[in-house]
Every structure is written in structure tokens, then in C-alpha cells.
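Participant: Fold the following.
(one chain, ligands or ions: 2)
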Amino acid sequence: MNKRILVTGGAGLVGSHLSAKLLEQGHCVVCMDNLSTGSMHNVAALLAHPDFSLLRQDVTTDIMLEVDAIYNLACPASPVHYQADPIATLKTSVIGAANVLELARLRHNIPVLQASTSEVYGDPHVHPQPESYWGNVNPIGPRACYDEGKRGAETLFFDYGRQYGLPIKVVRIFNTYGPHMHPADGRVVANFIVQALSGGDITIYGDGTQTRSFCYVDDLVDGLIAMMNSAPDVIGPINLGNPGEFTIRQLAEIVLELTNSGSRIVHRPLPVDDPRQRLPDIRKAHELGLGAADPVARRSDAHHCLFRDDAFKT
Ligand code: NAD
Ligand code: UDP
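Facilitator: Ligands and ions are numbered 1, 2, ... in the order given. Below you'll find the predicted structure:
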């Protein structure tokens, strides 16, 4: 059945691709965004669609909408941006979560999915990270506004689930990239590609031995939708991401090779509390048949899309 779906943060990297996919599936999409890190360009192609509407609103303000399901994605995700106004980031996570949950409750318990993050594991002592790991987060450091904000949001989701029987879904997203990343996004994939294409220095923070995994955005979107459509007893948290681990130095070398760039690698100080290692244990996602679990199949496609001329238009 076609639904009217609210996507908060719908003008961002993930939200814009999710909105496009939901429209493709025949749903009506209400995108709510304050355009702080997202952009009109990301949804320009969707604006002509009769079933798409853009609401310029902050998720920390009261939400009154007639919708049948909610994806809560509103939150800056790049460390540079979420640390620029940490108080706003924390409020966005926690008050934003409270607002979408309250809307879901008032709408007679509609399903609501929270975009949580691998950052809830902090600088992990368990590797790879299973959902059962409680994490190692510095609650007073510069990343805390995001990490603790997302942890607080998860707590609210589970309390609404227990207290009101709300059909909640929580996914923990690991590093995701793709078209619609802003050139000034600040995250490593965007930085390295912009630097390589412009001939600037490739800035590795620290010695480059820290690790991450990188999921292509379409694969993540498949996982988000599969999670929303999963059985009511599947509430998560569920890790979604690519199970292939890379050092940041390896990533720099791959970007240099693919762009055929003459840029040189330089080193800059490692940011405070930068996690040393990160890799999702995605066995749960596999067992549940959630689609993001096999990103390797799309890797060549991903390279193609990232290097399209319009990949970095704002
Ligand atoms: P993004 O910055 O591209 O998108 C976030 C969107 O939220 C933007 O359009 C922004 O304008 C909007 N937004 C921010 N604060 C808002 C507010 N107060 N009210 C309304 N809108 C607001 O980031 P993204 O990569 O698309 O991330 C989407 C979600 O997924 C975020 O919640 C993020 O924490 C989560 N996530 C993403 C990644 C990743 O690697 N991309 C990893 C883990 C978690
Ligand atoms: N990083 C880097 N150079 C950059 C940007 C980031 O070496 O220009 C490193 C960063 O220190 C971290 C990793 O790349 O170890 C991933 O950073 P990003 O900001 O993409 O996301 P994070 O996983 O830290 O949230």
C-alpha cells in the first residue's frame, strides 16, 4: 500500500537518495529539512514530482503532519559540521527524536525509524563492532554532542517502544558516501576526492593507520527501507554498513589511483577522540535479509557515480 512518509533530513546525502527511492516505489514523501548541511540541489530533481513536498523546518520545533511512517535522518553527520555548533547538534538529536516520536504516538503509533550511527561505539575496544557492544564514548569531548546525542536518541526510541508500544526501528549506520556529498562536507571521502581532483594536498589526519569501512549510499538506502518494512518484532539496533575494512592511507591511495592525480599526501594532526578502528559486524542484517549487506556488488558502480561530473554540484 502506498504511504505518506516523512523523511527528516531529506535534503542531505542519505535523505535525498532515500526520498527518491520511496517516490520510485509509489509513496508520497514529505521532506523536512532546515537546509543546514543539506541543499536544494540534492532534491531539485524531486521537486517536480507531484508526490514530493519540501518543508523547510527545524526538527527541534513541534511537528504536526498527517503521515503514515517516519524516517528520522535530520542531523549533521560530518565531524566538522556537527562540532561547529555542538549545542544545536545535541538538541537536533535528542529534541528531534522526541518530536518525531511524539508525532508517531499522536498519529496512533505509526512506525518510526531512527538513523543512529556507528559513533555510538565511540573508540571501540571490540572489533568488529556487534550491536551487543555498549561502546567506549567520551561523554565530555568534542565528539560527544553527536555520539551522546545519538545515544540519547536511541534511549528515547526504546523508551517510547516500551512505554507506548510504539513500533520503533533503530539502525546504526557506518560511514556512507555517494553523489550529493557537498564538496565542503569535510568527511574523508569528499575531502580526498576534492583534493585529488583539484590537485591540492591529500590531508591524512594522523599516520593514516586508523580504519573505516565505506558503504555506497544506494546500498544503505536499500537497508533502511528493508528495515522499515521488516516484521514488527525487528526493532534493532541493527548495524548497516560495508564489512570491508580500509586504513585511511589505503583510501588515499585508491583515490589517487582512480583520479590519476598528482596530488601529494600530507599529514595533519589526528582530531581529538578520533576512533582508531571501526568495522561493522553485519551478521544480524544478513540474517534478517536487509539489503545493505552486500555492497561489494555495487563497488564499480559506486566509483562511476562518484566521478560523474555532477557528483559534487551544490
Ligand atoms: P547530511 O549532513 O548530508 O544530511 C543531514 C540532513 O539533515 C541535512 O539535509 C541537514 O540540512 C538536515 N538537518 C540537520 N539538522 C537539522 C535540523 N535541526 N532540522 C532539520 N533538518 C536538519 O548527512 P547524511 O550523511 O545524509 O546523514 C543522514 C543521517 O544518517 C544523519 O542522522 C546521520 O547522523 C546518519 N548517519 C550518516 C552516516 C554517513 O556516513 N553518511 C553515518 C552514520 C549515521
Ligand atoms: N580524515 C583524514 N583526512 C581528512 C578527513 C578525515 O584523514 O581530510 C580521517 C579522520 O581523522 C578519520 C577518518 O578519516 O580517522 C574518517 O573521518 P570522517 O570525518 O570521514 O568520519 P568519521 O568516521 O571520523 O566520523
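Participant: so where do the helices sit in the protein?
Facilitator: Taking DSSP state H as the criterion, the chain contains helices spanning 13-24, 40-43, 79-84, 86-106, 144-164, 188-198, 217-228, 248-259, 283-288, 299-306.
Participant: Ligand 2 is nearest to which of those helices?
Facilitator: Closest to ligand 2 of the helices of the chain, according to CB to the nearest ligand atom: helix 188-198, at 3.6 Å. Bear in mind the C-beta positions are built from the backbone N, C-alpha and C, glycine included.
Participant: Check which residues of that closest one are buried.
Facilitator: For helix 188-198, burial by neighbour count (16 or more other CB atoms under 10 Å) applies to 188-197.
Participant: picking that back up, lowest-confidence stretch among the helices of the chain?
Facilitator: Of all the helices of the chain, helix 299-306 carries the lowest average pLDDT, namely a mean of 41.
Participant: Give me the contact status of stretch 196-211 with ligand 2.
Facilitator: Yes - against ligand 2, stretch 196-211 shows contacts by CB under 6 Å from any ligand atom at 203-205, 210.
Participant: Buried ones among the residues you listed?
Facilitator: Buried by 16+ other CB under 10 Å: 204, 210, out of those.
Participant: near ligand 2, which residues of the protein show up?
Facilitator: Taking CB under 6 Å from any ligand atom as the criterion, the contact residues of the chain with ligand 2 come out as 78-79, 175, 187-188, 191, 203-205, 210, 212, 248, 270-271, 274.
Participant: So which of the residues you listed are in strands?
Facilitator: Here DSSP state E is the test, and the residues of the chain next to ligand 2 give 203-205, 212 as lying in strands.
Participant: now N109: how far from F174?
Facilitator: N109 sits 29 Å away from F174, going by CB to CB, to the nearest Å.
Participant: Name the residue in the two with the higher neighbour count.
Facilitator: Neighbour count, other CB atoms under 10 Å: between N109 and F174, F174 has more, with 25 against 14.
Participant: what's near enough to touch the more buried one?
Facilitator: Shown in contact with F174 (CB atoms under 8 Å, 6 or more residues apart in numbering): 117-118, 212-213, 215, 239-242, 278-280.
Participant: Specify which member of the residues you listed is nearest to ligand 1.
Facilitator: Nearest member of those to ligand 1, counting by CB to the nearest ligand atom, is T117, at 3.6 Å.
Participant: For the closest one, list each beta-bridge partner.
Facilitator: Beta-bridge partners of T117, counted by DSSP bridges, are I173.
Participant: Return the distance of it relative to E257.
Facilitator: T117 sits 29 Å away from E257, going by CB to CB.
Participant: These two: who's more crowded?
Facilitator: Counted by other CB under 10 Å, T117 and E257 do not tie: T117 has more neighbours, with 22 against 10.
Participant: so the more buried one sits right up against N175, yeah?
Facilitator: No - taking contacts as CB atoms under 8 Å, T117 lies outside contact range of N175: 9.4 Å.
Participant: number of nearby residues for N72?
Facilitator: A count of neighbours around N72, defined by other CB under 10 Å, yields 29.
Participant: Quick check: closest non-adjacent residue to it.
Facilitator: Excluding the flanking residues, the one nearest N72 by CB to CB, 6 or more residues apart in numbering is V100, at 4.6 Å.
Participant: List the residues that contact that neighbour.
Facilitator: Shown in contact with V100 (CB under 8 Å, 6+ apart): 6, 8, 59, 63, 70, 72, 112.
Participant: So which of those reach ligand 1?
Facilitator: With CB under 6 Å from any ligand atom as the criterion, the contacts of V100 include 8, 59 near ligand 1.
Participant: Any residues of the stretch 201-314 of the chain in contact with ligand 1? List them.
Facilitator: So the stretch 201-314 of the chain never meets ligand 1 (CB under 6 Å from any ligand atom).
Participant: Could you pull up the residues touching the residue of the stretch 201-314 of the chain found nearest ligand 2?
Facilitator: Nearest to ligand 2 in the stretch 201-314 of the chain, going by CB to the nearest ligand atom, is Y205, at a distance of 3.6 Å. For Y205, the contact set (CB under 8 Å, 6+ apart) comprises 248, 267-271, 274.
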